[in-house]
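Trainee: Provided below for reference: sequence and predicted model.
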Amino acid sequence: MLNAAQIEALSRLARIQLDARETAALVTQLGEILNLVERMNAVATDGVEPLAHPLEIDSRRRADEITEQDQRANLQHGAPATEAGYYLVPRVIE
Amino acid sequence: MRSVFPATLKGLAAGLARGDFTSVDLTQHYLARIAALDPRLNSFISVYPERALAAAAGADAARARGANGPLLGIPYANKDIFCAAGTRTSCASRMLDSFIAPYDATVVERLTAAGMVMSGKTNMDEFAMGSSNETSYYGPTRNPWNLDCVPGGSSGGSAAAVAARLAPAATGTDTGGSIRLPAAFCGISGIKPTYGRVSRYGMIAFASSLDQGGPMALSAEDLALMLNAMCGFDGRDSTSAPRADEDFTRELDAPLRGLRIGLPREFFDAALDPAVGSCLEQALAVLRRLGAECREISLASTAYAIPAYYILSSAECSSNLSRYDGVRFGHRCADPANLEDLYTRSRAEGFGAEVKRRILVGTYALSAGYYAAYYAKAQRLRRLIKEDFQAAFADVDLIAGPTAPSVAFRLGQKAADPVQMYLSDIYTTAVNLAGLPAASIPAGFVNELPVGLQLIGNYFSEAKVLNVAHRFQGETDWHQHTPSWIGST
């Protein structure tokens, strides 16, 4: 149902590099999964309101007060590369 | 040190309170069992003997000062999806293989406050995406009842650890059946609470409108004890249910006379293994003897739960897992050429095949031009499924059926066929879409493998679900069977 070019386009959107072998397998597997998913079309859902959340609760609000303390060092401890409190990535602007 | 300890949390609490043994004795006992037996099961990803023994000594000291409590000093195994400060929290993914949690999940914080001792972190399907525990980066967990079979997933390590008596109880999470399916396959008890009962703070996200933590143990009574400690409103989880704390043991012994149990005809369909079906017939006969009346009901829309679930959960997963970018935490590829290369290669190397499949399915379902046909359609079905349950609960107090269409299958049997694997969850996903509480309890054996009975309650009726499960366990001994090779506990 999805061809290799479409799988490759999806992989770019999802930022996951795929090799040719993975792409070929996904053509079959995603096709089978989408066949399963197509079963939904057997049910008429016109006029049914989409349900995003089981309890349909409203987002809770709280006073606009600072509740978090600075944890930068703790949270950056496991980062792959940091310097002076910043995350390091490859050069973006030449 | 005693050679034999009680099996249940209830029994262990009584022994600790009487001074029959200490928490350090007990913790050493379970650590020794893990060391001796887990090489055959692979149910733990990480074990923390020093940390556990220090916590146990702390519990003993607290008891000496007069502290008491139903869980004080009792060890538990923690699914490796819950952050525990200072320990690796991998979610069974290469992506988080070196991730040390910088804080405690609310569940961990609450169990620690109740005096429980975390012995280690249990194996699972990668990011909780799987029904067999075979997608773990650390290799599959094996079923204690038959080492060639899967334990179910995704909380398969927790289920196998409890079934093999490597821990008296464990945490699990259930997005589409991940507590109930492994509980059924391993012959233990597990409950997925109502969505919003157990805080998701510090529980690594898969599909946020479906994910729910819960306990796994050897009896319904033990589930109630552990649920008491795990549940509670948490301001740090935006979907935490704002409800007062409850005692889930309060109705355990209530009589079942007049209880109306609905049996969905869609759950007793052609997909159900007839041998599993006859076990369930006998289980329902036990409930009838206790005074319950069973009647057939219909949950017609649940036939579409699997496709709706795989669209919604994959869509939410593709969004949630975008955080793994190789920048802030987790795996980073070597020598990235540029930022794009950093993202795409880190994610390619860090995620396993099933996680990639789901991210791609979710990306597709949410992409321009397909959103209405897939995502919005699945959300509409979700409402119909919820309404089916609500209509049923107008006439019945509880819904009963199989947890799974079969007993545990063999390792590798479904691993190459994602759709066959997804159909393992045919009776469990509708409950997550509706957000209802549901338990799985042992109800017999087929080919020497355990069968699970699923009990589904209305919103926030965990006490009723556990009441029915507890009364059933008062009349049966399926929950007390142990695999022969694991020895006496």
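Mentor: The structure has been received and is ready for your questions. These figures come from a predicted structure and were not determined experimentally.
Trainee: So what's the residue count around A:Ala24?
Mentor: Applying other Cβ atoms under 10 Å in any protein chain shown, we find 13 residues neighbouring A:Ala24. The C-beta positions use only the backbone N, C-alpha and C, and glycine is treated the same way.
Trainee: which non-adjacent residue is nearest it?
Mentor: In this structure, A:Ala24 finds its nearest non-sequential neighbour in A:Ala4, 7.0 Å apart by Cβ to Cβ, 6 or more residues apart in numbering or on different chains.
Trainee: Dihedrals phi and psi, B:Ala400?
Mentor: B:Ala400 adopts backbone torsions of phi -120, psi 150, taken as degrees, to the nearest 10.
Trainee: Would you mind measuring from the residue nearest to A:Ala24 to B:Glu354?
Mentor: 20 Å (Cβ to Cβ, to the nearest Å).
Trainee: Settle it for me: which of these two has more neighbours?
Mentor: B:Glu354 (19 against 13).
Trainee: Just to be sure, the more buried one is in a helix?
Mentor: Yes. The assignment for B:Glu354 is a helix, going by DSSP: H, G, I helix; E, B strand; the rest coil.
Trainee: Show me where the chain has its strands.
Mentor: Answering for chain A, as no chain was given. Using DSSP state E, the strands of chain A run over residues A:82-83, A:86-87.
Trainee: Sorry, I should have been clearer: chain B.
Mentor: Listed in chain order, the strands of chain B (DSSP E) span B:44-47, B:75-79, B:117-122, B:169-173, B:189-192, B:213-217, B:260-264, B:293-297, B:398-402, B:438-446, B:449-456.
Trainee: The last one versus strand B:398-402: what angle between them?
Mentor: So the one you mean is strand B:449-456. Interaxial angle, strand B:449-456 versus strand B:398-402 (axes from the mean of the first three to the mean of the last three Cα atoms, to 10 degrees): 160 degrees.
Trainee: For strand B:449-456, which strands pair with it and how are they oriented?
Mentor: Here strand B:449-456 is paired, per DSSP bridges, with strand B:398-402 (antiparallel), strand B:438-446 (antiparallel).
Trainee: Kindly compare burial across those strands and name the winner.
Mentor: Stretch with highest mean neighbour count among the strands paired with strand B:449-456: strand B:438-446 (a mean of 26; mean count of other Cβ atoms under 10 Å in any protein chain shown).
Trainee: Show me which positions of stretch B:337-356 end up buried.
Mentor: By neighbour count on 16 or more other Cβ atoms under 10 Å in any protein chain shown, the buried set for stretch B:337-356 is B:342-352, B:354-356.
Trainee: Without its sequence neighbours, what residue ends up closest to the residue nearest the centre of chain A?
Mentor: Computing the C-alpha centroid of chain A and ranking residues by Cα atoms, centre = their mean puts A:Ala14 first, at 7.0 Å. The shortest distance from A:Ala14 to any non-neighbouring residue, by Cβ to Cβ, 6+ apart, is to B:Thr363 (4.5 Å).
Trainee: so that neighbour makes contact with A:Arg12?
Mentor: No. B:Thr363 lies out of contact with A:Arg12 (Cβ atoms under 8 Å); the separation is 9.7 Å.
Trainee: And the two? Which one has more around it.
Mentor: Between B:Thr363 and A:Arg12, counted using other Cβ under 10 Å, B:Thr363 has the larger neighbour count: 24 against 14.
Trainee: measure the closest residue to chain B within chain A to B:Ala434 for me?
Mentor: Per Cβ to the nearest Cβ, A:Pro54 is where chain A lies closest to chain B, at 2.5 Å. Separation of A:Pro54 from B:Ala434 (Cβ to Cβ): 6 Å.
Trainee: List the residues that are in contact with both of those two.
Mentor: B:Lys386 (Cβ atoms under 8 Å, 6 or more residues apart in numbering or on different chains).
Trainee: Looking at those two, which is more packed in?
Mentor: More crowded of A:Pro54 and B:Ala434, by other Cβ under 10 Å: B:Ala434, with 28 against 24.
Trainee: before we move on, back to that, who's in contact with the residue nearest to A:Ala24?
Mentor: A:23-24, A:27.
Trainee: Work out the gap between the helix or strand of chain A with the lowest mean pLDDT and the centre of the chain.
Mentor: The least trusted helix or strand in chain A, going by mean pLDDT, DSSP states H and E, turns out to be helix A:72-76, with a mean of 92. Remark: helix A:72-76 is offset 24 Å from the chain centroid, using Cα atoms, centre = their mean, to the nearest Å.
Trainee: Tell me where the stretch 1-150 of chain B is predicted with low confidence.
Mentor: Filtered on pLDDT under 70, the stretch 1-150 of chain B yields the residue ranges B:1-3.
Trainee: ok, 90 please
Mentor: B:1-4 (pLDDT under 90).
Trainee: Show me what residue of it gets nearest to chain A.
Mentor: Residue nearest to chain A within the stretch 1-150 of chain B: B:Pro102 (4.8 Å; Cβ to the nearest Cβ).
Trainee: Identify the residue spatially nearest to that residue, adjacent ones excluded.
Mentor: Closest to B:Pro102 by Cβ to Cβ, 6+ apart is A:Asn74, at 4.8 Å.
Trainee: Check the burial of B:Met230 by counting its neighbours.
Mentor: Around B:Met230 there are 22 residues (other Cβ under 10 Å).
Trainee: Surely A:Leu18 is in contact with B:Ala348?
Mentor: Yes. Using Cβ under 8 Å, A:Leu18 makes contact with B:Ala348 at a distance of 7.0 Å.
Trainee: got any residues that touch both of these two?
Mentor: Shared contacts of A:Leu18 and B:Ala348 (Cβ under 8 Å, 6+ apart): B:Lys356.
Trainee: How about the contacts made by the residue most central in space within chain B?
Mentor: Residue closest to the average C-alpha location in chain B (Cα atoms, centre = their mean): B:Ile179, at 2.2 Å. Neighbour list for B:Ile179: B:155, B:172-173, B:190-192, B:214, B:216, B:440 [criterion: Cβ under 8 Å, 6+ apart].
Trainee: Closest one to B:Arg165 out of those, please.
Mentor: B:Arg165 lies nearest to B:Met216 out of the contacts of B:Ile179, by Cβ to Cβ, at 13.0 Å.
Trainee: Next, work out how far apart the closest one and chain A are.
Mentor: 22 Å (Cβ to the nearest Cβ, to the nearest Å).
Trainee: Was I right to think that residue contacts B:Ala183?
Mentor: Yes. Counting by Cβ under 8 Å, B:Met216 sits close enough to B:Ala183 to count as a contact (5.8 Å).
Trainee: Of these two, which one has the most company?
Mentor: In this view B:Met216 and B:Ala183 are compared by other Cβ under 10 Å, and B:Ala183 has more residues nearby, 38 against 33.
Trainee: quick revisit: and the contacts of B:Ile179, which are buried?
Mentor: Applying 16+ other Cβ under 10 Å to the contacts of B:Ile179, the neighbour count classes B:155, B:172-173, B:190-192, B:214, B:216, B:440 as buried.
Trainee: Pick out the most distant pair among these.
Mentor: Farthest-apart pair in the buried ones among the contacts of B:Ile179 is B:Thr173 and B:Ser440; separation 14.3 Å (Cβ to Cβ).
Trainee: quick one: buried residues of the longest helix along chain A?
Mentor: Secondary structure assigned by DSSP state H gives helix A:20-38 as the longest helix of chain A. Using 16+ other Cβ under 10 Å as the test for burial, helix A:20-38 gives A:22-23, A:26, A:29-30, A:33-34, A:36-37.
Trainee: Leaving out sequence neighbours, find the closest residue to residue 57.
Mentor: Since no chain was named, I'll use chain A. Once flanking residues are discounted, A:Ile57 sits nearest to B:Thr239: 6.8 Å by Cβ to Cβ, 6+ apart.
Trainee: not what I meant, chain B
Mentor: B:Val24 (5.7 Å).
Trainee: Repeat that for B:Gly156.
Mentor: Spatially, and ignoring its direct neighbours in sequence, B:Gly156 is nearest to B:Asn133 (3.1 Å; Cβ to Cβ, 6+ apart).
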